[in-house]
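Participant: Quick check, what structure comes out for this input:
(chains A and B)
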Amino acid sequence: MTRSHVDLVDERSLLAAARAGDERAFGRLVECHRTGLEQFCLLMLGDRDDAKCVLEETVLCAWRERELVEPIATARIWLYRIAMLACLEDLDARR
Amino acid sequence: MSANRPNSADERLLLQAAQAGDELAFQRLVDPYRRALQAHCYRMLGSPHDAEDIVQETLLRAWRALDRFEPRAAFQTWLYRIATNACLDELERRPRRPEPVQPFPDFSPDEAASPTYDPAARYAIREGMELALLRAIQKLPGRQRAVLILRDVLGWTSPEVAELLESTVAATNSALQRARSTIELHLPAPGPASAAGTERELLGRYVDAFARDDVDGLVALLREDAILRMPPQPAVLGAGAIAEFFRERAAGGDLARMQLTATWANGRPAVAAHRRTDGGGLVAHGILVLDVADERIAAIDAFIDPALLPVFGFPATR
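Facilitator: Take a look at the predicted model:
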């Protein structure tokens, strides 16, 4: 897997800082993954506006639940899991 | 979004109780709006932390002003107005504070390094492809959709996807197989996917040929009538002449002095070139954009301008 912007070590310390409430660290983590998350949400939902909403929700939810993230988790899996659940919820709500 | 908003009759009752001073009723009244308000404040403030605070502030203001709320108006609009004002107050309070969540530019200049262009990915999201893929993916059930996007577009590994889904590698792979067969049915063939695959492969071999100073390998990638454009110099026409150019003139006769990194420019495969100096360091050289036709390179557009590299997210020196 090609890594962008930050390597895994950097990402681990950012994640630890974000867990402890460091908003800048959290912001950096999100920015590192934003492009991929955008693609993911867009492809999941097939709608640009919905994808934008769900991504915003994902970021907020990640921030709210930052303390719940397991210390061994990677930021990527953590963020994408939240995004995926938000997308699935959105798809369910449309039925 | 899936807000479980109470119907308007319920809302009216809750509102009456809240206006009479029932705090619990107020909580139940505003709860359904909480997430949307938070998203709204986040958009306004660019900071999830501040958004949280301002939603609290909004609800406090709403509670205090509740007896002045005119029931004929829409409650949601009223709440949003309060939230907007609270955000504006907050923004005014911190005029010098830089945007905290946006330390990186909004766009991803380094697309070659972004997960989207991972060589392991089966489908590349490119112009045109995106739409076809989007439509095909809509045929998949949610979880299969997630598996296919993560594996085949974003290039994740099976164990990673299994971890994300809190599932097993075997289950993930079987979901992927089912998703793929559905997708292949719905993707136009011979899809732009294969064209993108060819471009990616050519790009890889191009970078490789430079690294090995392999002019013959490089020329094998070119069409007979390929053209090398490098304004303001005159264009070099034909694979033979381009080979000559690479052998004699480019990079002082040693292609390996160039360090190329695959990237994409304007939807076309491209390389960012750094040149090795006599001291051993690397300095920015330029961006070369490839034009691929019939599975061969038909044109190379060389933009020899070191200032371009930072625009693409590459360092000026390495």
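Participant: Which residues does stretch A:55-70 contact?
Facilitator: A:15, A:18-19, A:21, A:23, A:26, A:30, A:34, A:37-38, A:41, A:78-79, A:82-83, A:86, B:1, B:35, B:38-39, B:42-43, B:48-49, B:51-52 (CB atoms under 8 Å, 6 or more residues apart in numbering or on different chains). Glycine gets a C-beta too; all of them are placed from N, C-alpha and C.
Participant: Tell me where the chain is predicted with low confidence.
Facilitator: Picking chain A for this. Counting by pLDDT under 70, chain A has low-confidence residues at A:1-9, A:71, A:95.
Participant: actually chain B
Facilitator: B:1-7, B:43-44, B:46, B:94-132, B:188-196, B:265-268, B:311-313.
Participant: Show me where it has its helices.
Facilitator: B:8-19, B:23-30, B:34-45, B:48-65, B:75-93, B:129-137, B:142-148, B:158-165, B:169-186, B:192-211, B:215-219, B:239-248, B:308-311 (DSSP state H).
Participant: Report all helices and strands that the longest one contacts.
Facilitator: For helix B:192-211, the contact count by 3 or more CB pairs under 8 Å, 6 or more residues apart in numbering or on different chains; DSSP states H and E identifies helix B:129-137, helix B:215-219, strand B:258-265, strand B:268-276, strand B:282-293, strand B:296-303 as packing neighbours.
Participant: Roughly how far does the residue of chain A found nearest chain B sit from residue B:236?
Facilitator: Going by CB to the nearest CB, chain B is nearest to residue A:93 of chain A, at 3.4 Å. Between residue A:93 and residue B:236 the distance is 58 Å, computed by CB to CB, to the nearest Å.
Participant: Pick out whichever of these two has more residues nearby.
Facilitator: Higher neighbour count among residue A:93 and residue B:236: residue B:236, with 22 against 11, using other CB atoms under 10 Å in any protein chain shown.
Participant: distance of the more buried one from residue B:217?
Facilitator: In terms of CB to CB, residue B:236 sits 18 Å off from residue B:217.
Participant: Identify the residues contacting residue B:158.
Facilitator: B:151, B:169, B:172, B:173, B:176.
Participant: Looking at the residues you listed, which two lie furthest apart in space?
Facilitator: Largest separation among the contacts of residue B:158 by CB to CB: B:151 and B:169, giving 11.3 Å.
Participant: tally of neighbours for residue B:187?
Facilitator: Neighbours of residue B:187 (other CB under 10 Å): 19.
Participant: Distance of the nearest residue to it once chain neighbours are set aside relative to residue A:39?
Facilitator: Spatial nearest neighbour of residue B:187, excluding adjacent residues (CB to CB, 6 or more residues apart in numbering or on different chains): residue B:136 at 5.1 Å. Going from residue B:136 to residue A:39 by CB to CB gives 15 Å.
Participant: and if you look at residue A:14?
Facilitator: For residue A:14 relative to residue A:39 (CB to CB), the value is 21 Å.
Participant: now do residue B:249
Facilitator: For residue B:249 relative to residue A:39 (CB to CB), the value is 41 Å.
Participant: Settle it for me: which of the two has more neighbours?
Facilitator: Taking neighbours as other CB under 10 Å, residue B:249 and residue A:39 compare with residue A:39 leading, 19 against 11.
Participant: Hmm, the more buried one is touching residue B:154, no?
Facilitator: Yes - at 6.9 Å, residue A:39 and residue B:154 qualify as touching, with contact defined as CB atoms under 8 Å.
Participant: got the contact list for residue B:318?
Facilitator: Contacts for residue B:318 were tallied using CB under 8 Å, 6+ apart; they are B:259, B:274, B:281, B:282, B:283.
Participant: Torsion angles phi and psi at the third one?
Facilitator: So the one you mean is residue B:281. Dihedral angles of residue B:281 (phi, psi; degrees, to the nearest 10) stand at phi -80, psi 170.
Participant: How about it: what's its closest non-neighbour residue?
Facilitator: residue B:317 (6.1 Å).
Participant: Near the one you found, how many other residues are there?
Facilitator: 11.
Participant: again, but for residue B:241
Facilitator: Neighbour tally, residue B:241, other CB under 10 Å: 14.
Participant: Check residue B:301 too.
Facilitator: Using other CB under 10 Å, residue B:301 has 19 neighbouring residues.
Participant: beta partners of it?
Facilitator: With DSSP bridges as the criterion, residue B:301 is bridged to residue B:229, residue B:289.
Participant: Hmm, it is touching residue B:288, no?
Facilitator: Yes - between residue B:301 and residue B:288 there is a contact under CB under 8 Å: 6.9 Å.
Participant: Dihedrals phi and psi, the residue nearest the centre of chain A?
Facilitator: With distances taken as CA atoms, centre = their mean, residue A:79 lies nearest the centre of chain A, 2.7 Å away. In terms of degrees, to the nearest 10, the main-chain angles of residue A:79 are phi -70, psi -40.
Participant: before we move on, the earlier item: nearest to chain A, of the contacts of residue B:158?
Facilitator: Using CB to the nearest CB, those come closest to chain A at residue B:151, 11.4 Å.
Participant: show me the contacts for the closest one.
Facilitator: Listed by CB under 8 Å, 6+ apart, the contact set of residue B:151 reads B:122, B:157, B:158, B:161, B:176.
Participant: Tell me the residues of the stretch 151-300 of chain B that contact chain A?
Facilitator: By CB under 8 Å from any CB of the partner chain, the residues of the stretch 151-300 of chain B that approach chain A are B:153, B:154, B:155, B:156, B:157, B:160, B:163, B:164, B:165.
Participant: Let's see that with 7 Å instead.
Facilitator: Within reach of chain A by CB under 7 Å from any CB of the partner chain, the stretch 151-300 of chain B has these residues: B:153, B:154, B:155, B:156, B:157, B:160, B:163, B:164.
Participant: these two touch, right, the last one and residue A:80?
Facilitator: The reference is to residue B:164. Yes - in this structure residue B:164 lies within contact range of residue A:80 using CB atoms under 7 Å: 5.7 Å.
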